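Colleague: Return atomic coordinates for the entry below.
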Amino acid sequence: MSVDADGPARAGVGDRSGAARPAQRFGDRLAEHVLRRQSQLVLGLDPDPALLWPHALELVGGVDAASAPPAVRAAAAVAAHCRLLIDAAGEHCVAVKPQLACFERLGAPGWSALSAVVGHAADAGLLVIADAKRGDVDVSARAYAQAFLGSTPSPFGPIAGLGADAMTVSPWLGTDSLEPFVEVARAAGAGLFVLVRNSNPGAVDLQDRELPDGTVSAVAARLVEALGRAAVGTHGLSDVGAVVGATASHQLGSLRELMPHAALLLPGVGAQGGRVGDLAAAFAVGPAGGLIAVSRALAQAYRQTGGQPAQAAASEAARLREQAWALAASAVPAGRPPATVHRPSTPPA
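Modeller: Residues are numbered from 1 along each chain as shown. The predicted structure is shown next:
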């Protein structure tokens with residue numbers, strides 16, 4: 001079991017024995033991790049083999065090295081790129097969010113690279129949110145949950161999964177498709193982030209459609225709140241959160257009202273046009289109420305500012321972290337019960 005230098009021990013890719021996580025509920029783990037690291041920033045890892053940092057290519061011998069098949073070489077370079085990004089920006093973040101498709105497209109070597117990256121993030125004291133967006137009938141849903149959050153029983157003994165702390169899931173097959181995810185996650189001390197209102201422009205086609213009891217997103221939000229109600233921790237957050245795009249900030253207040261116990265994962269800042277300053281409603285329930293996921297704006301910051309990729313990523317991460325922390329401090333309503341709100345102080349330099 002690996003030990004977070006500023007937090008509790010956790011089981012994950014650093015421990016393939018399948019040992020159980022601490023009994024602490026995910027909502028409390030998340031809230032306390034945010035407070036310890038004084039950050040709501042989530043480092044998105046969406047590695048494109050064609051846009052890797054030059055040093056990552058150097059670490060694997062360059063593009064001309066021909067000692068292994070292309071998929072193996074590409075996966076090694078992707079893993080090196082992600083490790084460099086974590087080393088550069090991780091100190092300003094509370095979690096990483098690897099986009100699984102970016103690793104899976106590389107085949108079996110990509111899965112090995114993902115495992116190595118998740119282990120590196122855990123060793124750096126970061127929570128891991130597997131951006132899987134899975135959703136299927138109950139049998140398949142359970143298999144997905146075991147693969148990413150738990151372990152799979154077999155006649156040969158338990159088979160440990162990826163060991164992520166949380167994963168993103170799709171609600172569009174209905175409640176019975178989410179219940180296996182909740183069951184496996186809750187038993188493992190892990191969490192879920194259910195797609196409620198995504199950041200892409202096409203989200204309006206379905207998620208903004210009006211139904212007799214509100215938009216499709218509003219229906220999904222009520223489902224999130226109901227699924228998490230049985231596992232609300234002392235910090236007021238449950239183990240079932242929601243994905244709400246930062247590009248849909250105009251809906252954030254109403255969705256927050258429908259999900260008062262959900263941590264909100266907020267992608268879309270930077271390349272997609274979302275702004276940190278528009279996300280105050282997420283923090284109405286406390287500093288861990290919103291997790292701001294940023295990917296390309298960090299990995300590709302050097303293309304905008306010049307200089308070394310690592311330095312540019314670190315500078316941009318520090319700026320966004322400070323902005324988010326100050327926003328959270330100003331967004332917490334006065335008079336909230338101390339069990340649900342911990343007012344953040346100024347983050348350390």
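Colleague: Quick one: classify the residue nearest to the spatial centre of the chain as helix, strand or coil.
Modeller: Nearest to the geometric centre of the chain sits residue 129, at 3.4 Å (C-alpha atoms, centre = their mean). Per DSSP: H, G, I helix; E, B strand; the rest coil, the local secondary structure of residue 129 is strand.
Colleague: dump the residue contacts of it.
Modeller: Contacts for residue 129 (C-beta atoms under 8 Å, 6 or more residues apart in numbering) come out as 42, 95-97, 164-168, 193, 265, 291. The way it works is simple: take the backbone N, C-alpha and C, and place the C-beta from them, glycine included.
Colleague: Can you tell me which of those residues end up in helices?
Modeller: Residues of these located in helices (DSSP state H): none.
Colleague: Can you flag the buried ones in these?
Modeller: Applying 16 or more other C-beta atoms under 10 Å to these, the neighbour count classes 42, 95-97, 164-168, 193, 265, 291 as buried.
Colleague: Now, these that are in strands?
Modeller: Using DSSP state E, the members of these that fall within strands are 42, 95-97, 166-168, 193, 265, 291.
Colleague: Please identify which of those is nearest to residue 154.
Modeller: When these are compared for distance to residue 154 (C-beta to C-beta), residue 167 wins out at 21.4 Å.
Colleague: On the strand side of things, show who that closest one bridges to.
Modeller: Beta bridges link residue 167 to residue 130, residue 192 when assigned by DSSP bridges.
Colleague: how near is it to residue 243?
Modeller: When distance is defined by C-beta to C-beta, to the nearest Å, residue 167 is 11 Å away from residue 243.
Colleague: which residues are common contacts for the two?
Modeller: Common neighbours of residue 167 and residue 243 (C-beta under 8 Å, 6+ apart) are residue 193.
Colleague: What helices and strands are in contact with the longest helix seen in the chain?
Modeller: Within the chain, and with DSSP H defining each element, the longest helix by residue count is helix 309-331. For helix 309-331, the packing partners by 3 or more C-beta pairs under 8 Å, 6 or more residues apart in numbering; DSSP states H and E come out as strand 41-45, helix 54-59, helix 70-89, strand 290-294, helix 296-299, helix 301-305.
Colleague: let's go with 10 Å and repeat that
Modeller: helix 26-37, strand 41-45, helix 54-59, helix 70-89, strand 290-294, helix 296-299, helix 301-305 (3 or more C-beta pairs under 10 Å, 6 or more residues apart in numbering; DSSP states H and E).
Colleague: Give me the distance from it to the chain's centre.
Modeller: Distance of helix 309-331 from the chain centroid (C-alpha atoms, centre = their mean, to the nearest Å) equals 17 Å.
Colleague: Repeat that for stretch 113-123.
Modeller: Relative to the chain's own centre, stretch 113-123 is displaced by 14 Å; criterion: C-alpha atoms, centre = their mean.
Colleague: Distance-wise, check residue 312 relative to residue 296.
Modeller: Distance of residue 312 to residue 296, given as C-beta to C-beta: 12 Å.
Colleague: quick one, which of those two is more surrounded?
Modeller: residue 312 (21 against 15; other C-beta atoms under 10 Å).
Colleague: follow-up on the earlier one: and which of the ones in strands among the buried ones among the contacts of residue 129 is nearest residue 121?
Modeller: Closest approach to residue 121 among these (C-beta to C-beta): residue 96, at 4.4 Å.
Colleague: residues in contact with the closest one?
Modeller: Residue 96 sits next to 42-45, 82, 85-86, 89-90, 117-118, 120-122, 124, 126-131, 164-165, 293 when contact means C-beta atoms under 10 Å, 6 or more residues apart in numbering.
Colleague: With residue 262 instead?
Modeller: Contact analysis of residue 262 by C-beta under 10 Å, 6+ apart lists 27, 192-194, 196, 221, 224-225, 227-228, 232, 237-242, 244, 255-256, 282, 285, 289.
Colleague: what's around residue 323, how many residues?
Modeller: Close neighbours of residue 323, defined as other C-beta under 10 Å, add up to 18.
Colleague: Check whether residue 289 really touches residue 324, as I assumed.
Modeller: No. The criterion here is C-beta atoms under 10 Å, and residue 289 misses it with residue 324 at 11.3 Å.
Colleague: any residues in contact with both of the two?
Modeller: 40, 266, 279, 282-283.
Colleague: tell me which residues of stretch 189-202 are tucked away?
Modeller: For stretch 189-202, the neighbour count (16+ other C-beta under 10 Å) marks 189-199 as buried.
Colleague: for stretch 174-194, same thing?
Modeller: Using 16+ other C-beta under 10 Å as the test for burial, stretch 174-194 gives 177-178, 180-182, 184-186, 188-194.
Colleague: How about stretch 98-105?
Modeller: Using 16+ other C-beta under 10 Å as the test for burial, stretch 98-105 gives 98-100, 102-103.
Colleague: Then stretch 284-301?
Modeller: Buried positions in stretch 284-301, judged by neighbour count with 16+ other C-beta under 10 Å: 284-295, 297-301.
Colleague: Run the chain-centre distance for that stretch.
Modeller: Its chain's C-alpha centre and that of stretch 284-301 lie 9 Å apart, by C-alpha atoms, centre = their mean.
Colleague: Might you list the low-confidence residue ranges for this structure?
Modeller: 1-22, 65-66, 332-349 (pLDDT under 70).
Colleague: picking up where we left off before, tell me the most buried of the helices and strands packed on helix 309-331?
Modeller: Highest mean neighbour count of the helices and strands packed on helix 309-331: strand 290-294, a mean of 29 (counted as mean count of other C-beta atoms under 10 Å).
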